[in-house]
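# Requesting a structural model of the entry that follows:
(chains A and B)
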Amino acid sequence: MTATLTPATAVPAAEARAVPVRRVYRFELVKLLSQWRIRLLVLACWIAPALFVAGVSQQSSLPVDTLFGRWMHATGWAGPLVVLGFAGMWALPLLTSVVAGDVFAAEDRLGTWRHLLVAVRSPRRIFAAKALASLTVILLLVTGLAASGIAGGLAFAGNRPLVGLDGHLLAPGDAAGRVLLAWLCVLAPTLALAAVGLLGSVALGRSPMGLLVPVLVALVMQIAQMLPMPVTVRLALPGYAFISWNGLFADPAQLEPLLIGVAVSLVWAVTATALASALFVRRDFTNAVADGSPRRAVLTGVLPLGGLLAATVAVVAATTPASGSGIEQTKVEASVTTAFAHLYVQQTRQLHRPAVTEAQLRASAACTKGADRTGGQGPGNDWRCVVTWHLPGLEATGTAIYQLDITPDGRFMADGDGPKEVNGYFLVHTPHGDTPNPLWQFDGNVELPYPTSKG
Amino acid sequence: MVMPMAVRARTITKCFGDVIALDGVDLDVAEGRIHGLVGPNGAGKTTLLGLLLGLAAADSGRLEILGAPQGRAPAGVAGFVDGPGLYPSLTARQNLAALTALRGPDPGAPGIDDVLERVGLIQVADDRTRGFSLGMRQRLGLAAALLARPRLLVLDEPANGLDPSGKRQVHRVLTELARNGTAVVLSSHRMDDVEALCSEVTILATGRVVFSGPLAKLAAENRELDYRLGTSDPDAARRLAADTPGVRVVAGTGLLIVRALTPALDTLVTALVQGGIAVRELTPVVSPLEAAFLELTDQQEAAR
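Now for the predicted structure:
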């Protein structure tokens, strides 16, 4: 039987007697925080990142697959960023699903809807209170992840300068501000997932699918970000801000992809919440439980959000000058050049050689992809770059070769391929211990939304 | 004296899709009365209770609750349908405290310990409700309703899962509420529960009212009933019963089962005693109320 919808004819007199949202909100918080799994999650979020950062600091191997992982011994500010990268992939989707994906379904499971409705007398206020309460808990969890990661980093690696995404050095204060800003930006896609979780929870009732929806959406988006696809679609996905926060650590900061990602995420958050709200206030509570019909879930959830995705793709396509995969030869060359120059200056300083500046180096790179000797575009691990630079007072130019692995999201890892004295593996003595040669392997990224990078 | 009406419903109709849950239902409940709503499963009891609680609006008809025309959420009404709403991760006391905090300050409201005491749950006040039995949950639901100082209390199957002492406790609480002017509407599919608690009853079958009025009136309506008859001389009793006009012997060798109207039964008992046969047992096989209930609801089901 399909659920019958009663027109939500709210009578003013009855509405006036409804319980204030503030009290319902407190009630919802009490219910959420009395659950063991929520308490455990809070505890885990406030402790686990610090333990992880501490654990890495005691080991010789570093999580180099995650951005900033290779700097975890060098500075405490890398720790929270590694946690952030990991959280964006796994922790945040799971957290939002456990909290927001269950906040409505729990009442279905317990059969407490009517009770709640009789006590509160306003579905609208119940919705607002539940959304706010789950938002509060999610904020508490995210704050815990960030604070714990920072605390662990500062305690075990120290408040030291951080090497940015393009190799330039950020002073500890600057790094701190940007780390906090990055966590703040990641709240936007987290809220988008939470809103999708609310929608799933409302639409699917007590069926366990409701709990899985944010995880599924996050998983699909994550896989999508790993696939080669047009940059306009990539930017229009609500999870893009989980990746594009790293633009904050370039100089100048790559704000546009980040702002696009945050804006798309917020639009998703608002739309999904509005859909969930509309669906919820129309629900008829005389029926014992709504198990949620798949047809209704498709009509109210999948179709509008699919439409939203199409619309954002269209808007992004119309407003950004991006096309194709966004990864082009000139952009790769510019990015590698910048990072190399910054890191060369750093290496010079660490090896106590006569100081040089990036401008004096006049570095440049020539990159090719695969067998295509003239250039290339798109992601792949068959990029090869030849970097050349000048040293002041020397006629000869230096040359170094790098193999690049560029993932579809624009991130790359450059691996030094000789000569050994420049970009081979050797340890450098620094006041804070031995570190690998900064030019041996480094991370960087290609700013996707532009036809050619400035540089 | 005319009692003010807590509930006055006229020709209430409510459909779910093409299923008619309530079909022209009338209901009158005076303040200070305990009114039973009885019917087989699917008769529309819960739907009607849901309307009283303001969980939904009727499709048509007029519903006045506590003197006010029906809104979606009438004030002064408390209770539950389909089991009390309790949160298993909270203790009994926390459940009630959360509700009190939700309602906001109410100087006249009874204290949490007071209502827990009244429903007999004070000893388990600090236990999580996860482990509560159905009977305990029902009583805690009642306690939650008491906190709201209702003028109309709506309870869905409150006797479900209650042991005899629990039933007595609930009975005591409800009669006390009624004495103070609260109207109570409770549903049951068992006539004996209603018999113990209610002074008046409405019988629903397939969405229609088949009887409404005082229990005494229902019991007094003249109909043939089966009685179990135990005597000192079963054979002689059987012969006498067979000879008494209006009495039919349905079955039995030791204990007789006879079917008769009350006057014919009186004649038989007189004849037995005059014939020197001692009457050791005379009980209806099913209670008169149960019989009336079954007859009324069967008719309605058959008419469908």
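
# buried sites along the helix or strand harbouring residue B:28?
Assigned by DSSP states H and E, residue B:28 belongs to strand B:19-30. Under the neighbour-count criterion of 16 or more other CB atoms under 10 Å in any protein chain shown, strand B:19-30 has B:20-23, B:25, B:27-30 buried. No exception for glycine: its C-beta is placed from N, CA and C like everyone else's.

# ditto for stretch A:126-145
Those would be A:126-138, A:140-142, A:144-145, for stretch A:126-145 by 16+ other CB under 10 Å.

# pLDDT averaged over it - what is it?
In this model, stretch A:126-145 has a mean pLDDT of 94.

# just stretch A:177-197 next, same as before
Here stretch A:177-197 scores 93 as its mean pLDDT.

# Pull the contacting residues for the closest residue to residue B:89 other than its chain neighbours.
Counting by CB to CB, 6 or more residues apart in numbering or on different chains, residue A:34 is the residue found nearest to residue B:89 once chain neighbours are left out, at 4.2 Å. Shown in contact with residue A:34 (CB atoms under 8 Å, 6 or more residues apart in numbering or on different chains): B:87, B:89-90, B:94.

# any idea which of these is closest to chain A?
residue B:89 (4.2 Å; CB to the nearest CB).

# Assign the closest one to helix, strand or coil.
With DSSP: H, G, I helix; E, B strand; the rest coil as the basis, residue B:89 sits in coil.

# mind listing the strands in the stretch 101-250 of chain B by residue range?
Secondary structure of the stretch 101-250 of chain B, counting by DSSP state E, counting those that start in this stretch: strands at B:152-156, B:183-188, B:200-205, B:208-214, B:225-231, B:248-251.

# I'd like those as a markdown table, with mean pLDDT and mean neighbour count appended.
Below are these laid out as a markdown table (pLDDT from 0 to 100; neighbours: other CB atoms under 10 Å in any protein chain shown):
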| stretch | mean pLDDT | mean neighbour count |
| --- | --- | --- |
| strand B:152-156 | 90 | 26 |
| strand B:183-188 | 91 | 26 |
| strand B:200-205 | 90 | 24 |
| strand B:208-214 | 88 | 18 |
| strand B:225-231 | 87 | 20 |
| strand B:248-251 | 83 | 13 |
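
# Out of the ones you listed, which gets nearest to chain A?
strand B:152-156 (8.7 Å).

# Is there proximity between that closest one and chain A?
No. Strand B:152-156 is not in contact with chain A by CB under 8 Å from any CB of the partner chain; minimum separation 8.7 Å.

# wait, what's in contact with residue A:360?
A:390-392.

# Please list only the buried members of those residues.
Here, 16+ other CB under 10 Å leaves A:390-391 buried among the contacts of residue A:360.

# Flag the shaky bits of chain B, pLDDT-wise.
Along chain B, the parts satisfying pLDDT under 70 run over B:1-3, B:70-74, B:220-222, B:301, B:303-304.

# Try it again at 50.
For chain B, the stretches with pLDDT under 50 are B:1.

# List the contacts of the residue in it that chain A sits nearest to.
Taking CB to the nearest CB as the measure, the point where chain B comes nearest chain A is residue B:85, at 2.1 Å. Residue B:85 is in contact with A:110-116, A:119, B:141, B:144, counting by CB under 8 Å, 6+ apart.

# just curious, which of those residues is nearest to residue A:303?
Distance to residue A:303, by CB to CB, is smallest for residue A:113 among the contacts of residue B:85, at 25.5 Å.

# Take the buried residues of stretch A:126-145 and keep only those in helices.
Using DSSP state H, the members of those that fall in helices are A:126-138, A:140-142, A:144-145.

# now the strands for chain A?
Counting by DSSP state E, chain A has strands at residues A:162-163, A:169-170, A:364-369, A:380-390, A:397-406, A:411-416, A:427-430, A:433-436, A:441-445.

# Tell me which of the ones you listed is the most buried.
strand A:162-163 (a mean of 24; mean count of other CB atoms under 10 Å in any protein chain shown).

# For it, which helices and strands make contact with it?
Judged by 3 or more CB pairs under 8 Å, 6 or more residues apart in numbering or on different chains; DSSP states H and E, the packing partners of strand A:162-163 are strand A:169-170, helix A:329-350.

# Just say which of the ones you listed is most tucked in.
helix A:329-350 (a mean of 22).

# Just say helix, strand or coil for the closest residue to residue B:27 other than its chain neighbours.
Nearest non-adjacent residue to residue B:27, counting by CB to CB, 6+ apart: residue B:9, 4.1 Å away. Of the three states, residue B:9 takes strand under three-state DSSP.

# which stretches of the stretch 151-300 of chain A have low pLDDT?
Those would be A:288-289, if you go by pLDDT under 50 across the stretch 151-300 of chain A.

# quick one: residue A:214 and residue A:200, what's the gap?
Using CB to CB, to the nearest Å, residue A:214 is found at 7 Å from residue A:200.

# check contacts around the residue of the stretch 301-450 of chain A found nearest chain B.
Residue of the stretch 301-450 of chain A nearest chain B, by CB to the nearest CB: residue A:301 (22.2 Å). Contact partners of residue A:301, counting by CB under 8 Å, 6+ apart, are A:199-200, A:203, A:275.
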